[in-house]
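J.: Pasted the sequence and its predicted model underneath.
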Amino acid sequence: MLRFFILTIFPEFFDSPLKVSILKRAIEKKLIDVELINIRDFSKDKHRKVDDYPYGGGAGMVMKPEPIFEAIDYVNSITASQKKRIILMSPQGKIFNNEIARELSKEEELIIICGHYEGVDERVKTLITDEISIGDFVLTGGEIPALAVIDAVSRLLPGVLGCDESALFESFSDGLLEYPQYTRPEEYRGLKVPEVLLSGNHREVALFRRKESLRITYEKRPDLLKKAKLTEDDKKLLKELNIDLD
């Protein structure tokens, strides 16, 4: 079981997302555990204040170091491992991707700090092992990014998805975007399912899907295609698609 410890000033944010769909079932099956730690509980201020004005002046407020340090001390006191990955959700962090999610899914315990205001006191960063961003934009807090990490990491764990193979063939699993999917009816408003998918020929279906995956990645995310580990067969398919990566 992978245990997530979420350090936040808004634990109620996670009430609904953790009670529906895949995450709910993963928690019920004890494949993951999500413990919400309210940073305000570790404030020494009678008003449970966790932020203050920045030294040197400037706009906004900064999250104080003491409540975060003590919250992490608390997590360490109730768990066996003292070598947890401690993640700070921050717009300054490394961009989150499927490779990072797969790496984190191999851990037993993860602490995720949800930043707020103008950020956290720099001294907090002496504790963290990873600083992660979900994109080049700014949100009002780290709760939404933290939830994205929980979801992406959890679905890579055995048993979380209804079919474990699903995670193997999704977008980014091999560096490419996923091939197009179709379901019933075979024809709708003049739009037909490709004949090859109805043929029952598994080899031709696999070939079609790989070719489509390469095409879609080239059209939508050519940057991914340039970094992907392509086989000789992939290169032949690209040639058939008149795609030149040089």
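T.: Looks like it arrived, so ask away.
J.: For the helix or strand bottoming out on mean pLDDT in the chain, which outside residues touch it?
T.: Every helix and strand in the chain was compared by mean pLDDT, DSSP states H and E; the lowest is helix 222-227, with a mean of 92. With C-beta atoms under 8 Å, 6 or more residues apart in numbering as the test, helix 222-227 has contacts from Phe172, Gly175, Leu176, Leu177, Leu214, Thr217, Tyr218, Leu245. All C-beta spots, glycine's among them, are computed from the backbone N, C-alpha and C.
J.: any idea which of those residues is the one closest to Arg85?
T.: Phe172 (20.6 Å; C-beta to C-beta).
J.: mind checking the longest helix of this protein?
T.: Among the elements of type helix in the chain, defined by DSSP state H, the one spanning the most residues is helix 202-220.
J.: Could you point out which residue ranges in this structure have low pLDDT?
T.: When residues are selected by pLDDT under 70, those of the chain lie in 163-173.
J.: Mind naming the longest strand for it?
T.: Using DSSP state E, we find that the single longest strand of the chain is strand 85-95.
J.: strands paired with that strand, and their directions?
T.: Paired strands of strand 85-95, with direction, are strand 109-114 (parallel), strand 130-133 (parallel) (DSSP bridges).
J.: hmm, back to that, how about the contacts of helix 222-227 in TSV, adding distance to Asn98 and neighbour count?
T.: Output for these, formatted as TSV (distance: C-beta to C-beta, whole Å; neighbours: other C-beta atoms under 10 Å):
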residue	distance to Asn98	neighbour count
Phe172	4	17
Gly175	9	17
Leu176	11	23
Leu177	11	21
Leu214	18	23
Thr217	14	23
Tyr218	19	18
Leu245	21	11
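J.: ranking the strands paired with strand 85-95 by burial, who's on top?
T.: strand 109-114 (a mean of 25; mean count of other C-beta atoms under 10 Å).
J.: Please save the CA atoms from that strand in PDB.
T.: Provided in PDB are the C-alpha atoms of strand 109-114 (Å, rounded to 0.1, in the frame of the first residue of the first chain):
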ATOM      1  CA  GLU A 109       5.300   6.700   1.600                       C
ATOM      2  CA  LEU A 110       5.000  10.200   0.000                       C
ATOM      3  CA  ILE A 111       4.700  13.600   1.800                       C
ATOM      4  CA  ILE A 112       3.200  16.300  -0.400                       C
ATOM      5  CA  ILE A 113       3.300  19.900   0.700                       C
ATOM      6  CA  CYS A 114       0.600  22.200  -0.800                       C
END
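J.: picking up where we left off before, put together a markdown table for the strands paired with strand 85-95, with distance to Ser90 on each row.
T.: As requested, the strands paired with strand 85-95 are exported to a markdown table (distance: least, C-beta to C-beta, whole Å):
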| stretch | distance to Ser90 |
| --- | --- |
| strand 109-114 | 9 |
| strand 130-133 | 5 |
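J.: How about the contacts made by the residue most central in space within the chain?
T.: Nearest residue to the geometric centre of the chain (C-alpha atoms, centre = their mean): Val149, 3.2 Å. Listed by C-beta under 8 Å, 6+ apart, the contact set of Val149 reads Ile87, Met89, Phe96, Ala101, Leu104, Ile112, Ile132, Ile134.
J.: my guess is the third one contacts Ile150, does it?
T.: No: distance between Phe96 and Ile150: 11.6 Å, which falls outside the contact criterion (C-beta atoms under 8 Å).
J.: Who are the packing partners of the one helix or strand Lys236 maps to?
T.: Using DSSP states H and E, Lys236 sits within helix 232-240. Using 3 or more C-beta pairs under 8 Å, 6 or more residues apart in numbering; DSSP states H and E, the elements in contact with helix 232-240 are helix 202-220.
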